[in-house]
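In: predicted model follows, preceded by the sequence.
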Amino acid sequence: MARRELAALGIAVTGEEPGAVSAMLTPRDLMRCNLHLRTASRVLVRLAQFKALNFADVEKFGRRVAWDTIVTPGRRVRLRVTCRKSRLYHSGAVAQRLMEALELRVPGVLPAGAVGDDDDEGGAEQLFVVRLFRDQCVISADASGELLHRRGYRKATAKAPLRETLAAAMLLGAGWDGTTPLIDPMCGAGTIAIEAAMLARRMAPGRARAFAFEQWPGHDAALWRTVCAEATSAELPRAGVALLVSDRDAGAIEAAHANAARAGVAADLVIVQQSLSAVVPPAVPGLVVVNPPYGVRVGEKAPLRNLFAQLGNVLRASPGWRLAMLSADRDLERQVRLPFADAWKSTNGGIPIRLVTAEVLADGQ
């Protein structure tokens, strides 16, 4: 998804690895990526890469890193270090030596401790990501701050909330471009529908938040204001298509209303409390997108078969519509009785999931 989004921004991908892509970015591109990318978790800026066979190498090359282009005295900093298949395997010892090198280059920085994994937030501290793999050490600065799924609108949550980046990836993975109707019949806190409204209105997902790069020395505030103004001028006043949102749970509906209002898209959504069986897709076909329960806990799967079967009943009564669904179980998919194809694979809360899509043919099959 990130490769596709970068291409839409006119940025060429120069490399790809599991969970990440790389590209050559100008300062303007860096700003635009943070502001516009819907499916990425972070934007990292590579500061250095070197071979580290021992701690002396870490100390020597660490002192050459341009830490001062990212932080100034008095700024709190964090290091997240991972070591795999390398002679140096103690991440804490690597972090200690790099922090010492950082403090030599930028006296007065405030170490904020170690960071565990990608789910840790950057927040008020500047995060540096250090990866040691096969004795190659790569040091990057986090340009985003808080993870990019933190759009700023989701204060209210329902059961098992879906990350905004994952919701956007569902829409883009299904090929939805905001020009056809959309239904989410199990909306929860409304994340999928809100992301859909923002996509349809061409609203930059990072429009209401701050980023780490705004604190960097040499940050071009005037350029940043221009990039933000360009994004605002490209927004549409309304979605222009029907976005129908429902859930049987009253608390979920209340959360969806509150989140949509904070995102500035409340007028674009029709949000109602109703059961799945009461959903009637409009005559003009579009996309049904849903994040149903996964049924991974003991005793959950059997009751969910009826829910998945009911979803299929609703769809087969509306030829021409398409379905995009997150799934963790092939058996539950079969209850829908539609010809699914895998669009992408990922994880959600540590659970392996797939986005599966299907078309409802004219004969209802």
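Out: Arrived safely.
In: so who does the residue of the chain most remote from its centre touch?
Out: In the chain, the residue that sits farthest from the middle, by C-alpha atoms, centre = their mean, is residue 56; the gap is 37.7 Å. For residue 56, the contact set (C-beta atoms under 8 Å, 6 or more residues apart in numbering) is empty. Quick note: C-beta positions are derived from backbone N, CA and C, even for glycine.
In: quick check: pLDDT value at it.
Out: pLDDT, the model's per-residue confidence, is 97 for residue 56.
In: helix or strand for it, which one?
Out: helix 55-62 (DSSP states H and E).
In: restrict that helix to CA atoms and write it as CSV.
Out: Taking C-alpha atoms only, helix 55-62 is exported to CSV below (Å, rounded to 0.1, in the frame of the first residue of the first chain):
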residue,chain,number,x,y,z
PHE,A,55,31.7,-1.9,20.3
ALA,A,56,34.7,0.1,19.2
ASP,A,57,33.0,0.4,15.7
VAL,A,58,29.8,1.5,17.3
GLU,A,59,31.6,4.2,19.3
LYS,A,60,33.7,5.4,16.4
PHE,A,61,31.0,5.6,13.8
GLY,A,62,28.4,6.7,16.3
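In: quick check: buried residues in stretch 269-288?
Out: Residues 269, 271, 273, 276, 279, 281, 285, 286, 287, 288 are the ones in stretch 269-288 that count as buried (16 or more other C-beta atoms under 10 Å).
In: in the chain, which spans are helices?
Out: 2-8, 27-36, 55-62, 91-105, 164-173, 191-200, 221-233, 250-263, 301-316, 330-336 (DSSP state H).
In: on that earlier part again, next step: the buried residues of stretch 269-288 restricted to strands.
Out: Per DSSP state E, strands hold the following members of the buried residues of stretch 269-288: 271, 273, 287, 288.
In: which of those sit farthest apart?
Out: For those, the maximum inter-member distance is 21.7 Å, found between 273 and 287 (C-beta to C-beta).
In: next, format the helices of the chain as a markdown table and append distance to residue 348.
Out: Below are those laid out as a markdown table (distance: least, C-beta to C-beta, whole Å):
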| stretch | distance to residue 348 |
| --- | --- |
| helix 2-8 | 17 |
| helix 27-36 | 23 |
| helix 55-62 | 35 |
| helix 91-105 | 26 |
| helix 164-173 | 6 |
| helix 191-200 | 12 |
| helix 221-233 | 28 |
| helix 250-263 | 18 |
| helix 301-316 | 16 |
| helix 330-336 | 15 |
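In: among those, which comes closest to residue 130?
Out: helix 91-105 (6.4 Å).
In: low-scoring pLDDT stretches of the stretch 1-150 of the chain, where are they?
Out: Applying pLDDT under 70 to the stretch 1-150 of the chain picks out residues 113-123.
In: try 50 this time
Out: 115-119 (pLDDT under 50).
In: what about the strands in it?
Out: 13-17, 20-23, 44-51, 76-84, 110-114, 126-133, 136-142 (DSSP state E, counting those that start in this stretch).
In: switch these over to TSV; also include distance to residue 2.
Out: Output for the strands of the stretch 1-150 of the chain, formatted as TSV (distance: least, C-beta to C-beta, whole Å):
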stretch	distance to residue 2
strand 13-17	8
strand 20-23	5
strand 44-51	12
strand 76-84	20
strand 110-114	27
strand 126-133	16
strand 136-142	16
